[in-house]
Each structure stands twice: as C-alpha cells, then as structure tokens.
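> The following block contains a protein sequence and its predicted model.
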Amino acid sequence: MAENYVEKETGMNEVGRIPEGFVYRDQSKRYPWWVKSVDKITTQVDESIMEKPRGNIISWFVRQPAEYRDEIAASGKANYSRRVQNNEPGARLQDVALHQAASSFWWAGAKMNGEFPQGSIMELVNLSRSKMCVSPDDFDVIPWEGTPEEASDMVEAAGIFLGAAQIGFTSVNENWLPPNVVFDSNVDRITPTQDKSLLYPERFKYVVTGHVLVPYPSGMRSPSAIGAAADRLGFEHAWLSMTRVINFLTCLGYGAEFIPSINPVPWTVASGLGEIGRMNRLISPIYGGAIRLFAIITDLPLALDKPIDFGLQEFCRHCKKCAEACPSGALSMEDEPTWEWEGEQPWHFRGKKVWWDNSRKCLEYQISERCTNCLMSCPWTKQDKTALHDIAHIMASRTPQAGALLRLMDDFFGYGLIGKDDPAMNDWWKYKRPISGIDSNRSRR
C-alpha cells in the first residue's frame, strides 16, 4: 500500500460511523494539527427514526398554490424596487446589476436540482457534458487505471484546479438518497425509468465532495445586492466546478453524476469538509460558512476521508451569533440541539440531532432580499490576516466552551456584517479586488 495511506481493517456499521471495506487516506496532512480526524461524525444520528429526504424548500415552494407564491413574489418585488428607486446603499442600480451578472448561469444549476419543469431553463450543463468529453474508447484505450489512493490524489488535484477550494471523498449512504434512487444489479449504467426512478449500478459506491469559496468582502455586505452577488457567484462556481469534475471523471472512462438532491451537506460532513453548525449547514474549520457545496456519485474506486472534529458542536452551544444575525428569525436560539423541529416543514427529515432552521421563514425573507447573514457572521468565516486569527481558531477548537467569549472578541474587533446604514456598504466598489473577489490568507495547512 502506498505510503501515507491507511486501510480500515474492521468497519463499524453504526449510523454515522465510517463503513467497512474501504481504503482510507491519511488525514495528518489534510488540516492543521488542531483539527482531529474521527471515526464518527459529530452530529448525533439515530437510524431507528431516520427518514429519506422528501424534497427541498424550493420544490415545496413551487408546488404551493399560485395565490401564495404570487403574494410573496409581489411583496418581494415591491420591497426590492423601492430600495432601488431610493438609491439605497447596497441596492443601487450598479449593485443590482452586479447581482444579476453573478447569476448568469444560475439556472443551469437549478436544472441539475430538478427544481423547475423540464426544459424551462438553460441547458448549459447538459450541453457541456454531451459535447466536451472524448471517451477512452475514442482513443482506443481502456479507462484510467490506478490504486484508490492514486485516484483520490488525482481527483483532488483536478478538482481544486477546476475551481474547488477543497475536495473530499466518502462512500454512498442509501439513507441520504431520495426514495426514487434504487441500486440495481441488472443495470450497467444510470438508467431512468417510466415511474421517474433512477436505477444505479451497484458499483457506484463512491462520492466526491467539494466546496467553493463565496467572496467574503462582498458577502459580509449581506443582506444587499452586493452580498447577494457574492452568494450567487458562490453557487455558480459550485455548479461549474461540479460539472467540470463530472466531465473529468467521465473522460477517464467512469460513470459520474451529481447527487440527486439539493442537500449535499451529509456527504460533505462524512468526507471531513466540516461539521454541521447551529445554522444547520456545513461550517469549515478553515473557511467557516463562506462556502457552497457539491457532491458527485461515481464508480471510480477511491480512498476515502474520515469525518473531522474541531469542537464546533460545543462552540455553537455558546456562540449564537448566526441566530442573532438572522433577520427572519429562522435559526434556533436554544442552548441544545433537538431531534424534532417546530411547525410543518416537510423538507426536513428525521434521524439527526441538530439546531433546526425554519426554512420557510428564510425563504419568504429571501424572496425580497437575498441573505447570507448566518454564513457571513459566523466567527469561523473571518479571514486570517494576523497571527491573532490563528490563535482564535486554535482556542475555539481546543476550548470550544469559550464560544461566547470568542464571539464577543469577534464583535469587539469589528468582525461581522456591514449593514445598510454603514458608510462602508458602497466602499466595496473602491477596493482593489482580487480575482473573483476572493481574498483570503487562509491555508489548508
């Protein structure tokens, strides 16, 4: 076996633990020393009450009565138009134009999630996948061959080159797939059926995960059109990076497809890209919440990554900064996570103990004002400009009980959102901006 890799000889079948029968990569060079590799994800899970995903908040909204959707949309448009007409900071015409330009290929990503009717949006992604790949057969060669370790190193290098900030690897967990995904030993390729099921060959056991960065200097101006532009750019980069990685795997001679769900969070947690925080989203120990995620299922044998623990569960008990920053009141202020959520939210599914978000409140607010307050206000999101920031990360990881103190320090030093009334809102246009607006000294090692 290649140096710097380890193999799990005896697996653990308990939900949330790493599965048996796979090769695992050595984590020692993946993160700074204060991030621990663990055999079990830090979010509590319970298989006895676990349910498969039943859609998402976007598809739920599309299925609601037209009167409700029209009312929410009209209210949002009126509020947004008023701000533009008044030339308000963060909602001036140039700010809104920036937001719209950053959404140029957004619908291509929506197509991949199946959020909208077939054919109603751009076919950019499908066109790319059908036109760009020359298969090994066309060269009269066999598909790429190598060890799982070599495959993971190769895909990680390609994925980061193709736009991802980090890449991870995990195995398929059928509990996290929608009910219409079925593994069938009788099919050789991913096959749609007349009843809208997707039949997957049983060899599709591996998942490639990744995240891309959301530009922090613009994202911290949330909620505003400038902040929304950062969010949309992050989503677009995620869709484009995912499509490129899918094409890369396909051109190697292997099957690859996006995970047929809008929620890549479980896969990214299992592959060690972060932990689930109070906002019920992935938080990275390096990049905080200023990230957007993707997940790909493939039959290329890969060496997997373990979950990580950097103290986030205990930290989030004491911090609450994201919940306080949420303008819609969609995030929990409770001290402890729970197994159940409040109200009727059919897009949630049982089986995990988290701080549940009220996605409906979030969605209704975002119709009129794209918001990433929670992601950008998180103390883990701030950029590392001095050694003090490195020390803060180490303290937060090793003594997460000090979460309340550390968030107070975060406030004291002025980290956090730039509001509509802050003169710095429009100063973003005066910066000497780095490529794609992403300026970070944060390093994986």
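In hand now; what should we look at? Numbering: from 1, shown residues only.
> which residues in the stretch 51-200 of the chain form helices?
Along the stretch 51-200 of the chain, counting by DSSP state H, counting those that start in this stretch, helices occupy 57-62, 66-85, 93-102, 106-113, 124-131, 148-161.
> nearest to Trp356, of those?
helix 57-62 (12.7 Å; Cβ to Cβ). Every C-beta, even on glycine, is put in place using the N, C-alpha and C of the backbone.
> mind showing which ranges of the stretch 301-445 of the chain have poor pLDDT?
Residue ranges of the stretch 301-445 of the chain with pLDDT under 70: 383-393, 395, 400-405, 407, 409, 411-415, 432-434, 439-445.
> can we see that at 80?
368-369, 382-416, 431-445 (pLDDT under 80).
> where exactly do the strands run in it?
Per DSSP state E, counting those that start in this stretch, the stretch 301-445 of the chain carries strands over the ranges 308-309, 352-353.
> Partner strands of the first one and their direction?
Strand pairing for strand 308-309, using DSSP bridges, gives strand 36-37 (antiparallel).
> So for the strand it pairs with, mean pLDDT?
Averaging pLDDT along strand 36-37 yields 91.
> Quick one: distance of that strand to the chain centre.
20 Å (Cα atoms, centre = their mean, to the nearest Å).
> helix/strand/coil for the most centrally placed residue in the chain?
In the chain, the residue lying closest to the centroid (Cα atoms, centre = their mean) is Leu293, at 2.7 Å. At Leu293 the chain is in strand, as set by DSSP: H, G, I helix; E, B strand; the rest coil.
> Who are the contact partners of Phe248?
Phe248 is in contact with 155, 158-159, 162, counting by Cβ atoms under 8 Å, 6 or more residues apart in numbering.
> Filter those residues down to the buried ones.
155, 158-159, 162 (16 or more other Cβ atoms under 10 Å).
> hang on, the earlier thing: hey, least reliable of the helices of the stretch 51-200 of the chain by pLDDT?
helix 106-113 (a mean of 50).
> ok so, going back, with distance to Leu252 added, can I get the helices of the stretch 51-200 of the chain in a markdown table?
A markdown table is the format used below for the helices of the stretch 51-200 of the chain (distance: least, Cβ to Cβ, whole Å):
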| stretch | distance to Leu252 |
| --- | --- |
| helix 57-62 | 32 |
| helix 66-85 | 43 |
| helix 93-102 | 31 |
| helix 106-113 | 21 |
| helix 124-131 | 14 |
| helix 148-161 | 9 |
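> For Asp138, find the nearest of those.
Checked against Cβ to Cβ, the stretch from the helices of the stretch 51-200 of the chain lying closest is helix 124-131, at 13.3 Å.
> just to revisit the earlier point, would you mind listing the two of the contacts of Phe248 that lie farthest apart?
Val155 and Leu162 (10.0 Å).
> what touches both of these two?
Residues touching both Val155 and Leu162 (Cβ under 8 Å, 6+ apart): 245, 248.
> okay, the residue in the chain sticking out farthest from the centre: pLDDT?
Taking Cα atoms, centre = their mean, the residue of the chain most remote from its mean C-alpha position is Asp140, at 37.8 Å. At Asp140, the pLDDT value in this model is 86.
> quick one: it and Asp188, what's the gap?
Distance, Asp140 to Asp188, by Cβ to Cβ, to the nearest Å: 21 Å.
> again, but for Pro264
26 Å.
> contacting residues around His348?
So His348 contacts 341, 356, 359 (Cβ under 8 Å, 6+ apart).
> How many residues are close by the nearest residue to the last one once chain neighbours are set aside?
Same thing as Ser359. Once flanking residues are discounted, Ser359 sits nearest to Ile57: 4.2 Å by Cβ to Cβ, 6 or more residues apart in numbering. Ile57 is flanked by 20 other residues according to other Cβ atoms under 10 Å.
> host element of Val207?
Using DSSP states H and E, Val207 sits in strand 206-213.
> For the buried ones among the contacts of Phe248, give me CSV that also has distance to Leu213.
Formatted as CSV, the buried ones among the contacts of Phe248 follow (distance: Cβ to Cβ, whole Å):
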residue, distance to Leu213
Val155, 19
Ala158, 18
Gly159, 14
Leu162, 14
